[in-house]
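Trainee: Everything below, folded, please.
(2 chains)
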Amino acid sequence: MGSKLATKCSQNAKEKKNNIIKAELYLRAILPTLSDLVKVDTKAKSIIENRKISILLNLRNVTKTLLKVDNGKIISITNPNECGNIHLYFISPEHALGVFEQGKLPILLRGFTKISFLRNEFDALSKRLEYFLKPTENLSLDERKISVALQFKSALRMGEVLGETDEVCQTILKNTTPGILKISIDEIGFEAYFGNINGKWKYIECPDKGQAVSSTLSFKNLETAEAMLTNKLDTFSALGLGNIQIWGLVPIIDNVGLVLSRINYFIS
Amino acid sequence: MRIYDYPENRKWFERASKVIPCGVYGHFSPAPCVPPDAYPFFGIKAEGCRFWDVDGNEFIDYMCAYGPMILGYHNPVVDEAFLRQLRECDVNSIASTKMVELAEFLVDLVPIADWAFFAKNGADVTNYAVMIARAATGRKKIIAIKGGYHGTSPWMQGIGHPGVTEEDVANVIRIPWNNLNALEQALEENYGEIAGFISSPYHHPVFTDNEYPAEGYWEGVQKLLKKHGVILIVDDVRAGFRLHLGGSNEFFGFKPDLICFCKAIANGYPISALVGREELKVDASKVFHTGSYWFSAPYMAAALANLQELKRLNAPEYLYKLGLKFNEGLVKIAKEYGFNLKVTGHPSMAYYRITDDPTLMLTQKWCAECTKRGAYFTSHHNWFLSMAHTEKDIEKTWEIAEDAFKILKSSV
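Mentor: Below you'll find the predicted structure:
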C-alpha cells in the first residue's frame, strides 16, 4: 500500500514537472514566434497594423511573457519588468495548458476594455501561427517556406527553454563542447544559429562579431527540411545521399539533434 | 594525381537507403565522413593494406576496418587456418577443442590472464565484464570515462539517445580521463556501491585528441580501486595486441583484473575475448552469458593463427616504428605547407588534427582530399597501421598527403 502510494506520488510529481516545462514551451518559445510570423507573413502583419497594445501572459510562480504589439511588429520579452495593457493570468501549468490546448479561458486581471483585441486580432494571429506551425498539405510553396522557417525558429527557442528546464537536455549540455551550429536551407535563404553558448543552450538569429561558427548543417532543399521537421527523415541516409551536408564539430550537431528530439517528449 | 569519383557507390547507397536504416549504419555510416561525397561506401575487394570500392578506386587503407585488420587483408596464414577448421567443423552441437587451445594460448600470452572466454563482438565482452564485476562485488554501479566507448549497449550510451532510458544509465558514473581526484570523489560519494571501473588503457575518443595516461595515473587508479574493493576492467577492444601482445596495460605498466579484447584478435574474423584473474573465475562461471555463434570454431582457429603470427613477427615493435616514421613524415609535409598537424595517441593508431582550425573543418577537408586520391583517411577517429603497410605504401601516402595540403593551402 505504502509502495503504491509512493509510486503514485512520484508519477504525479513527474507529471507536474512535465506540465511546467510544457507550459514554459508555450509561453517562452511558441508565443514569441509571433514576432517572427509578422515579419514574414503579410496577412499576419495586416492583422495588427495600426495597433499598439501589450499583453502580459503570467503563469503563477513560473514565468511571464510580454508581447508588445506595435503597428505590425511584435516584440517578445520573457519575465519583463513592465506590465501589459492586458494581463492574462494562469493559476497553474495545467490551467495554462488548458488555455493553449483546449481553448479554455485565462483569468483576465487587467485590460477589460481591450478584450475585443484578444477575441479578434490576437485570436486571428494565434490561428495564423498555428496554420504555419501545424501545416497541412494544402500550403502553397511560399507558405511552405514560411512554415519551415517558423517551425525551425520555434523549435530552436524550445531547445533553449528545454536547456533550462529539462534534466536530460542539461546532461547533454554537460557533454557538449562550447560552439555554435549554423542551420541553413539555402534554397529558401533560411539560416539560424544554436549551440552551447556561455554554458547554455542558446538560439541566436545571428552570431556577434567574434562568435565563430563551429559546425554547419545545411539542407539541400525545402522537402528535406520538411521531412526532418515532421520526423519522416532518415538523417543518416540523407547525409549519404547529399540531401544534408555537415561540416565542423559533428558532436555539436549530434547533441543539438538530441536536444531538439526532446521536444516531442513534451509537445507532439 | 587522379581524383576519384563514386557514381557506383552513390547508386548502391540509393538502393541501400531504401531498404536499410541509415543506408549504412553504425560506425560505417556516412555521417562522420565529412563531406560524404569524398568517400566510398561500398567495397568489392581487399588485399594486404588496400581495398577497392565498387567504382574500382584503389585505397591504401588507414582505418583497417576500424581496427580488426592487423596482418593485412587475406593473410594467407590466418585464412588457411580458418578454412582448414571450416572444412573440418564449424558450428555444431558441442564445443571445439580449438576453444581450449585458444584459451591456453591467451593465458600464456597475456600476463594477467588465468582464464579466457570467447564471444563475437567487443560489447559482448564489455557487458560480460561488467556483469562479472557486479557478481563478484554484489554492487551495481560502474565508473566509466567521459567520452569512453565500450559498445552500444544501452548502459554505455548517453541519456537522451534514442532508445536509452534513464534507468539504463542510472548506475553509470562518468568521470574525466586522467583525473584521480574525480575517481576518488566518485568512489567516496558512492561508498560501497561501485562494482567496477571500466576504461580503455589510454583515452582514444572520437573527434578529439587522444591522451596517454599521466605519470602515475594507473598506479593511482589501482591504489584507489584496491582500497574500495572495485574491479578494474580494461577495454582493450580497440588497442589490444597493437601496443603489446600481453595487453596494452603491459605497455603502460599496470595490471587490471579483467581485459576485453576484440578487433585485432583475429585479423578481421569475428571473435572477442574476455580474460581475467584466477580470483574472478568462479564469479565468471556464475554469470550466464552466451550467443548462438560464440562456439564457432573457424574463428577461434583464425584467432589462434593470427596471435601466433603477431608473436612471430613481433608486431607491436614493427607497428610502433612504422607509425613513428609515418607520422614524422606527415607532420613535416604539413609544416612545409604552413599547417600544424598534431598527432596524438599511440604512433601505430594515432589521431590526427590540423590545429590551425579548432572546428576540424580543415582536417575534414584534408582527409577528404587524401581519400579522393587513394589514401583512406577519416577525420573523426584514430587511424590504424597494419603489418601489411610497407615503407613504400607510406611514401606513396606522403605524396598524396602533400598533394592534399597543396589544395588546402590554395583554398585557405
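Trainee: what about B:Glu80, which helix or strand?
Mentor: Assigned by DSSP states H and E, B:Glu80 belongs to helix B:76-88.
Trainee: And for B:Leu232?
Mentor: strand B:231-235.
Trainee: what's that strand packed up against?
Mentor: Judged by 3 or more C-beta pairs under 8 Å, 6 or more residues apart in numbering or on different chains; DSSP states H and E, the packing partners of strand B:231-235 are helix B:122-137, strand B:194-199, helix B:217-228, strand B:258-261. All C-beta spots, glycine's among them, are computed from the backbone N, C-alpha and C.
Trainee: which SS state does B:Ile143 fall under?
Mentor: Judged by DSSP: H, G, I helix; E, B strand; the rest coil, the three-state class of B:Ile143 is strand.
Trainee: OK, contacts around residue 239?
Mentor: No chain specified, so I'll use chain A. A:Gln245, A:Ile246, B:Ser29, B:Pro30, B:Ala31, B:Pro36 (C-beta atoms under 8 Å, 6 or more residues apart in numbering or on different chains).
Trainee: Oops, wrong one, chain B.
Mentor: Applying C-beta under 8 Å, 6+ apart to B:Ala239 gives the contacts B:Ser200, B:Pro201, B:Tyr202, B:His204, B:Ser248, B:His346, B:Met349.
Trainee: how does it look with 6 Å?
Mentor: B:Pro201, B:Ser248 (C-beta atoms under 6 Å, 6 or more residues apart in numbering or on different chains).
Trainee: I'd like the distance between it and chain A.
Mentor: B:Ala239 is 22 Å from chain A, where distance means C-beta to the nearest C-beta, to the nearest Å.
Trainee: Angles on the backbone of that residue, please.
Mentor: Dihedral pair for B:Ala239: phi -100, psi -10, per degrees, to the nearest 10.
Trainee: Likewise for the one 10 residues further on?
Mentor: Taking degrees, to the nearest 10, you get phi -60, psi -30 for the backbone angles of B:Asn249.
Trainee: And the pLDDT for it?
Mentor: Note for B:Asn249: predicted pLDDT of 98.
Trainee: what about it, neighbour count?
Mentor: Close neighbours of B:Asn249, defined as other C-beta atoms under 10 Å in any protein chain shown, add up to 23.
Trainee: Kindly report the residues of the stretch 251-400 of chain B close to chain A.
Mentor: Contact residues, the stretch 251-400 of chain B versus chain A (C-beta under 6 Å from any C-beta of the partner chain): B:Thr359, B:Leu360, B:Met361.
Trainee: In helices, which of those residues fall?
Mentor: Residues of these located in helices (DSSP state H): B:Met361.
Trainee: Out of the residues of the stretch 251-400 of chain B next to chain A, give me the one that has the most neighbours.
Mentor: Counting neighbours by other C-beta under 10 Å, B:Leu360 comes out on top of those with 23 neighbours.
Trainee: Tell me who's in contact with that one.
Mentor: A:Gly248, A:Leu249.
Trainee: That one and B:Trp115: what is the separation?
Mentor: 43 Å (C-beta to C-beta, to the nearest Å).
Trainee: Switch the helices and strands packed on strand B:231-235 over to JSON lines; also include mean pLDDT and mean neighbour count.
Mentor: As requested, the helices and strands packed on strand B:231-235 are exported to JSON lines (pLDDT from 0 to 100; neighbours: other C-beta atoms under 10 Å in any protein chain shown):
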{"stretch": "helix B:122-137", "mean pLDDT": "98", "mean neighbour count": "23"}
{"stretch": "strand B:194-199", "mean pLDDT": "98", "mean neighbour count": "25"}
{"stretch": "helix B:217-228", "mean pLDDT": "98", "mean neighbour count": "17"}
{"stretch": "strand B:258-261", "mean pLDDT": "98", "mean neighbour count": "30"}
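Trainee: now those in a markdown table, with distance to A:Ile180?
Mentor: A markdown table is the format used below for these (distance: least, C-beta to C-beta, whole Å):
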| stretch | distance to A:Ile180 |
| --- | --- |
| helix B:122-137 | 34 |
| strand B:194-199 | 32 |
| helix B:217-228 | 34 |
| strand B:258-261 | 38 |
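Trainee: any idea how far A:Val99 lies from A:Ile107?
Mentor: Distance, A:Val99 to A:Ile107, by C-beta to C-beta: 10 Å.
Trainee: Have a look at the two and say which one is more surrounded.
Mentor: A:Val99 (18 against 13).
Trainee: contacting residues for the nearest residue to that one once chain neighbours are set aside?
Mentor: Excluding its sequence neighbours, the residue lying closest to A:Val99 (C-beta to C-beta, 6 or more residues apart in numbering or on different chains) is A:Pro106, at 5.0 Å. A:Pro106 sits next to A:Leu88, A:Phe90, A:Val99 when contact means C-beta under 6 Å, 6+ apart.
Trainee: can you give me the helices in chain B?
Mentor: For chain B, the helices defined by DSSP H cover B:7-19, B:76-88, B:97-109, B:122-137, B:166-169, B:180-189, B:217-228, B:248-252, B:281-286, B:297-312, B:315-336, B:361-371, B:391-411.
Trainee: for the worst-scoring helix or strand of chain B on mean pLDDT, which positions count as buried?
Mentor: Lowest on mean pLDDT, DSSP states H and E among the helices and strands of chain B sits helix B:166-169, with a mean of 94. Under the neighbour-count criterion of 16 or more other C-beta atoms under 10 Å in any protein chain shown, helix B:166-169 has B:Asp168, B:Val169 buried.
Trainee: can you count the residues close to residue 238?
Mentor: Because you didn't say which chain, this covers chain A. A:Ala238, neighbours per other C-beta under 10 Å, totals 22.
Trainee: other chain: chain B
Mentor: As a burial measure, B:Arg238 scores 24 neighbours (other C-beta under 10 Å).
Trainee: Is it in contact with B:Pro68, as I believe?
Mentor: No: counting by C-beta atoms under 6 Å, B:Arg238 sits too far from B:Pro68 to count as a contact (10.0 Å).
Trainee: Give me the common contacts of those two.
Mentor: With C-beta under 6 Å, 6+ apart as the test, B:Arg238 and B:Pro68 both reach B:Lys263.
Trainee: Contact partners for the residue of the stretch 251-400 of chain B found nearest chain A?
Mentor: The nearest approach of the stretch 251-400 of chain B to chain A comes at B:Thr359, 4.3 Å away (C-beta to the nearest C-beta). Taking C-beta under 6 Å, 6+ apart as the criterion, B:Thr359 is in contact with A:Ser214, A:Gly248, A:Leu249.
Trainee: what's the pLDDT at it?
Mentor: pLDDT, B:Thr359: 96.
Trainee: Could you confirm A:Ile77 falls within a strand?
Mentor: Yes: A:Ile77: assigned to a strand according to three-state DSSP.
Trainee: Can you get me a residue count around the nearest residue to it once chain neighbours are set aside?
Mentor: Counting by C-beta to C-beta, 6+ apart, A:Ile77 lies nearest to A:Leu66, which is 4.5 Å off, once chain neighbours are set aside. Number of residues near A:Leu66 (other C-beta under 10 Å) recorded here: 20.
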